[in-house]
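Asker: Show me how the following folds:
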Amino acid sequence: MAWMGMAALGAWVSRRRWDRPAVFLGFHRGLSALLARKSEGTARWVPACRQKTSVSFLSRPDLPNLAYKKLKGKSPGLIFIPGYLSDMNGTKASAIEEFCKSLGHACIRFDYSGVGNSDGNVQECTVGRWRKDVLSIIDDVAEGPQILVGASLGGWLMLHAAIARPQKVVALIGVAAAVDGLVMQFNQLPVEHSGRKNNTIFSFFFLHLA
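Answerer: Predicted coordinates for the structure are as follows:
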């Protein structure tokens, strides 16, 4: 499959149970190596049949309900964080779930607020709100330690989630992670728009992270 040839930006491992240095591997090798490491005291899960995941919804007070699909399995689980306006039914999200399914690991894929099956208006969304979506999935849907897989803009949100939840995130994998793309877009604005920068891209991507 084409997705198996994608290059991972790297795997970041926390100090708790995964006491090894960061490594740079191909996507398939890197993900296989991470999932091959077993957390202490984790029960082994063997799938009896080919599971199918159905859409569930996470209800949140004062925030849009989030649509997600959760594949049950052994720890550590994976959470796929999609790119800009991508949803959980994309080829990368589906391929990663299939890969986890083949190894018996848990996997979660979801839609941001205003995207796919989730509630909300995408025109009212900011990167900060999508960051809250990622944290909601980690806090209220995921169980146990998690490996975050972020694609494109999801790679940037992945880093923010790891900083916010270091006790739950044990590794990171970036798939064409756009960790600097936002700054590049800001710097590439024409000079004639420089006076409006603080009210446009800068405001959208940076001021709304709180």
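Asker: what's near enough to touch Asp140?
Answerer: Residues in contact with Asp140 (C-beta atoms under 8 Å, 6 or more residues apart in numbering) are Leu58, Arg60. (Each C-beta comes from the backbone N, C-alpha and C, glycine too.)
Asker: What does it show for phi and psi?
Answerer: Asp140 adopts backbone torsions of phi -110, psi -10, taken as degrees, to the nearest 10.
Asker: Distance check, it against Pro166.
Answerer: 18 Å (C-beta to C-beta, to the nearest Å).
Asker: just Lys69 next, same as before
Answerer: From Lys69 to Pro166 the distance is 26 Å (C-beta to C-beta).
Asker: more crowded one of these two?
Answerer: Lys69 (21 against 12; other C-beta atoms under 10 Å).
Asker: Run through the bridge partners of the more buried one.
Answerer: Lys69 has the following beta-bridge partners by DSSP bridges: Val55, Arg109.
Asker: Which pLDDT value goes with it?
Answerer: Lys69 is assigned 96 on the pLDDT scale.
Asker: try Gly73
Answerer: For Gly73, the model assigns a pLDDT of 95.
Asker: Count the neighbours of Met88 for me.
Answerer: Using other C-beta under 10 Å, Met88 has 23 neighbouring residues.
Asker: That one is in contact with Tyr68, isn't it?
Answerer: Yes. Counting by C-beta atoms under 8 Å, Tyr68 is a contact partner of Met88 at 6.9 Å.
Asker: shared neighbours of these two, which are they?
Answerer: Shared contacts of Met88 and Tyr68, counting by C-beta under 8 Å, 6+ apart, come down to Arg109, Phe110, Asp111.
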